[in-house]
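> Whatever this is, show me its structure:
(2 chains)
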Amino acid sequence: MRPMQITLFTGCWLRRVRDAALALAAVAGACSVGVAQTAVSPAPGLSSGPVETAQPDRGINEWLLRMHEASRRRAYIGTFVVSSGSSMASAKIWHICDGQNQMERVESLSGPPRSTFRRDDQVITFLPESKHAVAERRESLGLFPNLLQSADSSIAQFYSARQAGHDRVAGFDADVVVLQPKDKLRYGYRVWSEKRTGLVVKLQTLDVDGRVLEQSAFSELQLDAPVNMTKLNQMMSNTEGYKVDRPEMIKTTAAVEGWVLKAPVAGFKAMSCFKRPVAATETAAADNTMQWIFSDGLASVSLFVELFDRRHHGQEGQMVIGATQTITRRIGDWWLTVVGEAPAQTLAAFAQGLERKK
Amino acid sequence: MTNDTLKTREAISALADGQLRGQEFARVVEAVSKDDDARATWHAYHVVGDVLRSGDAAGHNDLAFVARLQIRLKSEEVAVQSADAVKLIAPDAINAGANGQFDTKRDSANVSRFRWKLVAGLASFTAVAAVGWGLVGGLSTAPTVNLAAAPAAPASATVVAIEQPQIMIRDPRLDELLAAHKQFGGTSALQMPAGFLRNATFEVPNR
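The predicted structure is shown next:
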């Protein structure tokens, strides 16, 4: 074998290695600061949760509101585990709400180091290995519970809620609630909602036959934990040494972009539409890929439309990872990628229904 | 390794990255076309570049090759850590500074990989995870829902024909779209808190 091992790192490769080494050193420094938690108890009022009343017949909207409110009013620290398909990931979570603002810190425990901070709908993800940070506004985070309270909420029209006994998760007693779809165009969910507070402690996505496609759960949870909001704020805004990227999202409408969904898919409503340069690589230019987002309240589907590129877009096809389905289709000069947590036939219906109007 | 060999390899690396201009460019092209060893190096850089960028192009139908290369890459990380960093860095710095042969404004072959990682907001993706990919040549057929309602014989025949699973190496572009969907498509009542935590926690496992 030729001695190519070392030579890989000469020239530009060498610079990469050097940069990576510097980044690692800096991370080691950053981690030793800030992780320490001071014992500050949550603000008064946070610890008194909603009064538990025996209410076996909650409707789906009540269950969802209760689960949502639980995270708004609580401070907690825990370890969160997600398994999807054959893979697993875990992260340490810090969550706090001071009655007005919510903050969250998610520190990956598996895979490459990664920290995500969220203040309401502002999200920043630090990638210490490359010393990059991505800051963005996630509009969708603010939609709920307005989504549910609005008069045209259709969640109850397409799903029903049914309590299916009790269980223990991470040492907490939980109500098990099944959110059952009323047709075959969407997946079902099994939700473990902590008895006293309503907090979602475990969540499974189920296919039309009730098989588990994906699940996430707290493996360890400390409710009403001492989480210091000031400290989280400091950590979130400390981008020193990081190159901060703010992906540009341009609001648009499908009509303006020249697209129409000629046959709507039952229950799914258009939520928003953006143009975003997903990436500017040498194989795909920053071509302002359109992302048109649909949701039925629980599941969401994204339609990505970009210019067809022969080098890049070969075979139409479909793919499954856990609960996430993907379908690709060529429409004349365009390439459509449909991604969503919904059965393949739902995605196929979107792929069929999209039409060029210009 | 002699200093000359090292310099030649470095020059070939720069050439592969499109960073050479003028005389230097001509000299290295000449070297590559004449010397077997240099040509092998040239080829190796391209293979490595392709794999780093997409995990796709180089070993399109040869998973075993990609797997071997990855084992090699892993063992190299160890080798480099134990090597004398100054020796490795010095010739590079000298070349860049003194001869000005590196056009630093141009991106290196492996730069795009770092960029798409960043934009997608996830630290890494499965470049080599083999996933089932059904060839849906029959996407133009109606979705199965409708088929169930109208069980016409010709229609169901097309549906049966579409399943031809093949192993496909994941495309980084597809990973970007998946990440974008997770970030901005999480328009769900379960998004808070479970969905957000799920997306921030979950990541397609690293190779």
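
> Please name the residues that touch the residue lying closest to residue A:253 once chain neighbours are set aside.
The shortest distance from residue A:253 to any non-neighbouring residue, by C-beta to C-beta, 6 or more residues apart in numbering or on different chains, is to residue A:273 (5.3 Å). For glycine as for every other residue, the C-beta is placed from the backbone atoms N, C-alpha and C. Residues near residue A:273 by C-beta atoms under 8 Å, 6 or more residues apart in numbering or on different chains: A:251, A:252, A:253, A:254, A:257, A:290, A:291, A:292, A:293.

> mind checking the SS state of residue A:271?
Secondary structure, DSSP: H, G, I helix; E, B strand; the rest coil: residue A:271 is strand.

> What is the burial count for it?
21 (other C-beta atoms under 10 Å in any protein chain shown).

> Wasn't residue B:28 part of a helix?
Yes: under three-state DSSP, residue B:28 sits within a helix.

> Now, of the contacts of residue A:273, which are buried?
A:252, A:254, A:257, A:290, A:291, A:292, A:293 (16 or more other C-beta atoms under 10 Å in any protein chain shown).

> Of the residues you listed, just say which sits nearest to chain B.
The closest of the buried ones among the contacts of residue A:273 to chain B turns out to be residue A:293 (C-beta to the nearest C-beta; 4.9 Å).

> quick one: that closest one from residue A:65, how far?
Using C-beta to C-beta, to the nearest Å, residue A:293 is found at 23 Å from residue A:65.

> thinking again about what came up before, bridging residues for the residue nearest to residue A:253?
residue A:292 (DSSP bridges).

> any idea of the pLDDT on it?
Note on residue A:273: pLDDT of 91.

> can you count the residues close to the residue of chain B found nearest chain A?
Per C-beta to the nearest C-beta, residue B:13 is where chain B lies closest to chain A, at 3.1 Å. Residue B:13 has 29 neighbours, counted by other C-beta under 10 Å.

> same question, residue A:183
Residue A:183 has 12 nearby residues by other C-beta under 10 Å.

> That one contacts residue A:157, correct?
No: counting by C-beta atoms under 8 Å, residue A:157 is not a contact partner of residue A:183; they are 10.1 Å apart.

> shared neighbours, the two?
Joint contacts of residue A:183 and residue A:157 (C-beta under 8 Å, 6+ apart) are residue A:267.

> Sort out which residues of stretch A:229-249 are buried, please.
A:229, A:231, A:232, A:235, A:236, A:242, A:245, A:247, A:249.

> quick one: it to chain centroid distance?
19 Å (C-alpha atoms, centre = their mean, to the nearest Å).

> gap between the two ends of it?
Using C-alpha to C-alpha, to the nearest Å, the end-to-end distance of stretch A:229-249 comes to 28 Å.

> cool, and stretch B:179-195?
Start-to-end span of stretch B:179-195 (C-alpha to C-alpha) is 14 Å.

> go on, stretch A:252-271?
12 Å.

> Where does pLDDT dip in chain B?
B:1-3, B:49-67, B:74-170, B:184-194, B:203-207 (pLDDT under 70).

> hmm, try it at 50
For chain B, applying pLDDT under 50 flags the ranges B:55-60, B:79-169, B:204-207.

> which residues touch residue A:354?
When contacts are counted by C-beta under 8 Å, 6+ apart, residue A:354 touches A:259, A:260, A:261, A:262, A:303, A:305, A:331, A:336.

> Ignore what I typed, I meant residue A:342.
A:185, A:186, A:187, A:299, A:301, A:325 are the contacts of residue A:342 under C-beta under 8 Å, 6+ apart.

> does residue A:231 count as helix, strand or coil?
helix.

> Distance check, it against residue A:90.
Counting by C-beta to C-beta, the gap from residue A:231 to residue A:90 is 23 Å.

> where does the residue of chain B closest to chain A sit relative to residue B:22, distance-wise?
18 Å.

> now swap in residue A:292 and tell me
Distance, residue A:292 to residue B:22, using C-beta to C-beta: 48 Å.

> and if you look at residue A:355?
In terms of C-beta to C-beta, residue A:355 sits 52 Å off from residue B:22.
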